[in-house]
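Colleague: 3D model of this:
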Amino acid sequence: MAKWLKIFLTLIVIGAGIIGYYGYHLYDAINKAYQPSERLKSDKRPSAVDISEEPVSILLMGVDKRQHDSGRSDTLMVMTINPKEKTVQMMNIPRDTYMEIPGHGYDKINHAYAYGGTDLTIRTVENFLDIPIDHYAKVNMEGFRRIVDELGGVTVHVPFTFEFRGKLYQKGKMTLNGDEALGFAQMRKVDPRGDFGRNDRQQQVIKGILEKGTSVYAIPKLDNILKHVGENVVTDISPIEMIQLQRIYSEMDRKQMKSLHINGTDRTIGGIYYFVVDPQEKQRIQHKLKHHLRLDSMNTRR
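Modeller: Numbers count the residues shown, from 1 in each chain. Take a look at the predicted model:
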């Protein structure tokens, strides 16, 4: 018995050391990515939310530039998380969506980032969806490639055979490296569903990264993964809040990750292509998001 007890205690000490080592590196990477915002809460909230207890919304932005604050946002996704129900909703906003950008009139949503960076993008999305955006995470797409490569690729379901940037994507299940995953997520022109198909593919890749990144497989690669996260992600989610989100996700049934789709029509206005969402569709999406955030009974408008 004494021998087995000694072995057991030794394993606990080793395990604690491993957890402590990776815990330190996790905290360090998140701390590098953490960029506190002057905005302590959304203007559409009476008070800041407690991520561990209350439904929260996060705006994910993909920026295909090395300098985080230049260029346009290539990808915009609103993620709502309900920690009590352990459910997640994800909704892409097509980058050509026609909406009012405060101080700049009506334009494509992805121009908001060029006009006023993260803050203006958040205000524009809040006004359009009539919900608070509690936090944001901005990802440099170069880092996206590297993270996928460190994970050994991500497995996706290719909805139809197509070629993009010299790579052939065969219909069915494929495991993609970083460059291939980025191409899979960005291709739009040959997709019969246009932005809707692109949005679905982006969500597939994000789910694949989350799935692999939180698995045992990722542990030996955590050093490099966390290095890329620290160098290529900017967020106003604090290290403690990020760890709380990771815990919520790890306890979640993956079937509880739902996708929302925003419908609209392609229109040319002044010779420029836009994706236009009619008032009824916008109201439908607002209702679904508010319901998941438990804002049904609240008036969130400023």
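Colleague: can you pull out the strands in the stretch 151-300 of the chain?
Modeller: 154-158, 162-164, 167-169, 172-176, 233-235, 257-260, 265-269, 272-276 (DSSP state E, counting those that start in this stretch).
Colleague: Adding distance to Val63 and mean pLDDT, write those strands out as CSV.
Modeller: For every residue, glycine as well, the C-beta is placed using N, CA and C. Output for those, formatted as CSV (distance: least, CB to CB, whole Å; pLDDT from 0 to 100):
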stretch, distance to Val63, mean pLDDT
strand 154-158, 20, 93
strand 162-164, 20, 93
strand 167-169, 23, 95
strand 172-176, 21, 95
strand 233-235, 9, 86
strand 257-260, 22, 85
strand 265-269, 25, 93
strand 272-276, 20, 94
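Colleague: most neighbours per residue, which of those strands?
Modeller: strand 233-235 (a mean of 21; mean count of other CB atoms under 10 Å).
Colleague: packing partners for it?
Modeller: helix 2-33, strand 135-140 (3 or more CB pairs under 8 Å, 6 or more residues apart in numbering; DSSP states H and E).
Colleague: Out of those, which gets the lowest mean score?
Modeller: In terms of average pLDDT, helix 2-33 trails the rest of the helices and strands packed on strand 233-235, at a mean of 52.
Colleague: Just want the angle from the lengthiest strand in the chain to strand 135-140.
Modeller: Taking DSSP state E as the criterion, the chain has its longest strand at strand 73-82. On the basis of axes from the mean of the first three to the mean of the last three CA atoms, to 10 degrees, strand 73-82 is oriented at 140 degrees to strand 135-140.
Colleague: which element follows strand 73-82 toward the C-terminus?
Modeller: strand 87-92 (DSSP states H and E).
Colleague: could you give the mean pLDDT of that following strand?
Modeller: pLDDT averaged over strand 87-92 gives 90.
Colleague: and after that strand, which helix or strand comes next?
Modeller: Trace forward from strand 87-92 with DSSP H and E and the next one is strand 98-101.
Colleague: Note down every partner strand of that following strand and its orientation.
Modeller: Sheet pairing of strand 98-101 (DSSP bridges) gives strand 105-108 (antiparallel).
Colleague: which intervals of the stretch 151-300 of the chain have sub-threshold pLDDT?
Modeller: Scanning the stretch 151-300 of the chain for pLDDT under 70 picks out 213-222, 254, 297-300.
Colleague: the helices in it, which residues?
Modeller: Counting by DSSP state H, counting those that start in this stretch, the segments of the stretch 151-300 of the chain that form helices are 178-186, 195-213, 222-232, 239-250, 279-292.
Colleague: so what's the one residue sitting closest to the centre of the chain bridging to?
Modeller: By CA atoms, centre = their mean, the chain has its centre lying nearest to Leu60, at 4.0 Å. Following DSSP bridges, Leu60 is listed with bridge partners Met77, Ala137.
Colleague: just checking, it touches Asp74?
Modeller: No: in this structure, Leu60 is not within contact of Asp74 by CB atoms under 8 Å, at 11.4 Å.
Colleague: element containing the closest residue to Met79 other than its chain neighbours?
Modeller: Computed as CB to CB, 6 or more residues apart in numbering, the closest residue to Met79 that is not its neighbour in sequence is Ile58, at 4.7 Å. Using DSSP H and E, Ile58 falls within strand 56-63.
Colleague: Can I get that strand in PDB, CA atoms only?
Modeller: Listed in PDB are the C-alpha atoms of strand 56-63, where the atom choice follows Å, rounded to 0.1, in the frame of the first residue of the first chain:
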ATOM      1  CA  VAL A  56     -22.100  37.600 -22.800                       C
ATOM      2  CA  SER A  57     -21.500  38.800 -26.400                       C
ATOM      3  CA  ILE A  58     -18.100  38.900 -28.100                       C
ATOM      4  CA  LEU A  59     -17.300  40.400 -31.500                       C
ATOM      5  CA  LEU A  60     -14.600  38.400 -33.300                       C
ATOM      6  CA  MET A  61     -12.700  40.300 -36.000                       C
ATOM      7  CA  GLY A  62     -10.300  38.800 -38.500                       C
ATOM      8  CA  VAL A  63      -7.800  41.300 -39.900                       C
END
